[in-house]
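*Asks:* Structure for the following, please:
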Amino acid sequence: MLATPPLLLRDDTVFSFTANFLLNKVIMITGATGGIGRALAHAYASYGAQLLLLAPQKEALCALQKEIEAIQGIAPHIFPIDFKKNDLSQYTELQATIFNTFNSLEGLIHCAGYTGPLTPLEYYPAAIWQDVMQINLHSPFILTQYMMPLLRQATTARIIFTVALATAHNAFWGAYGIANQGIASMVHILAEELEATSNLQINSIDPGPTRTTLRAKNFPGENPALLKTPQTLNSFYLYVMQNHPTITQGQHIIIDTSHID
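*Replies:* The predicted structure follows:
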């Protein structure tokens, strides 16, 4: 059984990466047009990755595609997918497209998220509960399952789940908190199942308070200038993709800001 303690990394930790260390590696990012996902798309592209970007709105994906092509000279592949829909055909089609185009996948980065309302469970709207669970728990599981054959084709591969465990046990976080606990359990179970049988490593990253639209909706009175930007998280996600030996199977990585006054 895995019993890997969480890895606590200060948010001002400095990493170094070899130029183009992700060259020709195929990496999928969900929630690619959101704060963290967008920042990661630019970061991974800057190190040579071939990107597969997923988000529900085609217009936003097209805009991001043009941004990255203008800077890096290579246009990422975009896939408008609505994780709110319980439609397995979109995953089947995505899997077939990637098999036909790339035949393998080196990275799957889960950044899509939807908090829903902050409200007592007693009054939580059932319809919104289903949406939050679908986006934050069910869809990441289904996508991961459908991408597993592609990830197994790679020499080494990584799956990174973005989680918010700091609030997962707190009152009023409802379906979002429970879904994040579910993701944490899934990471542990998958890691144990793959520990001795696969070249695929599973990890999760808790970015902590970050200057995103999602954060602003839930903390409207918070000064965003006091929060770290999504771009400051890039190096941590790159660090995990670097196959560094200090990051072990199933390990949960916490970005620590406690040193800030």
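*Asks:* From here on, just use CA atoms for contacts and neighbour counts.
*Replies:* Fine.
*Asks:* where do the helices sit along the stretch 101-250 of the chain?
*Replies:* With DSSP state H, counting those that start in this stretch as the criterion, the stretch 101-250 of the chain has helices at 126-133, 139-153, 174-194, 213-218, 234-241.
*Asks:* Identify the residues contacting the residue nearest to residue 231 when sequence neighbours are not counted.
*Replies:* Leaving aside its chain neighbours, residue 231 sits nearest to residue 39 (5.4 Å; criterion: Cα to Cα, 6 or more residues apart in numbering). Contact analysis of residue 39 by Cα atoms under 8 Å, 6 or more residues apart in numbering lists 230-231, 234.
*Asks:* Phi, psi for residue 39 please.
*Replies:* The phi/psi pair for residue 39 (degrees, to the nearest 10) reads phi -60, psi -40.
*Asks:* distance of residue 254 from residue 7?
*Replies:* In this view, residue 254 and residue 7 are 6 Å apart by Cα to Cα, to the nearest Å.
*Asks:* beta partners of the most centrally placed residue in the chain?
*Replies:* When Cα atoms, centre = their mean is applied to the chain, the residue found nearest the centroid is residue 110 (2.3 Å). Beta bridges link residue 110 to residue 161, judged by DSSP bridges.
*Asks:* can you list the weak-confidence ranges in the chain?
*Replies:* Where the chain drops to pLDDT under 70, the residues are 1-3, 210-212, 216, 218, 258-261.
*Asks:* Tell me where it has strands.
*Replies:* Counting by DSSP state E, the segments of the chain that form strands are 7-10, 26-30, 50-55, 77-80, 107-110, 157-162, 200-206, 252-256.
*Asks:* Quick one: these as JSON lines, columns for distance to residue 222 too.
*Replies:* Below are the strands of the chain laid out as JSON lines (distance: least, Cα to Cα, whole Å):
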{"stretch": "strand 7-10", "distance to residue 222": "22"}
{"stretch": "strand 26-30", "distance to residue 222": "26"}
{"stretch": "strand 50-55", "distance to residue 222": "27"}
{"stretch": "strand 77-80", "distance to residue 222": "32"}
{"stretch": "strand 107-110", "distance to residue 222": "26"}
{"stretch": "strand 157-162", "distance to residue 222": "22"}
{"stretch": "strand 200-206", "distance to residue 222": "19"}
{"stretch": "strand 252-256", "distance to residue 222": "19"}
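*Asks:* To residue 127, which of those strands lies closest?
*Replies:* Ranking the strands of the chain by proximity to residue 127 (Cα to Cα) places strand 50-55 first, at 21.3 Å.
*Asks:* Which residues does that closest one contact?
*Replies:* With Cα under 8 Å, 6+ apart as the test, strand 50-55 has contacts from 23-33, 41, 44-45, 61, 76-82, 112.
*Asks:* who does that strand pair up with?
*Replies:* In the sheet containing strand 50-55, its partner strands are strand 26-30 (parallel), strand 77-80 (parallel), by DSSP bridges.
*Asks:* contacting residues for residue 246?
*Replies:* Going by Cα under 8 Å, 6+ apart, residue 246 touches no other residue.
*Asks:* Next, it: phi, psi?
*Replies:* When read as degrees, to the nearest 10, the backbone of residue 246 gives phi -70, psi -20.
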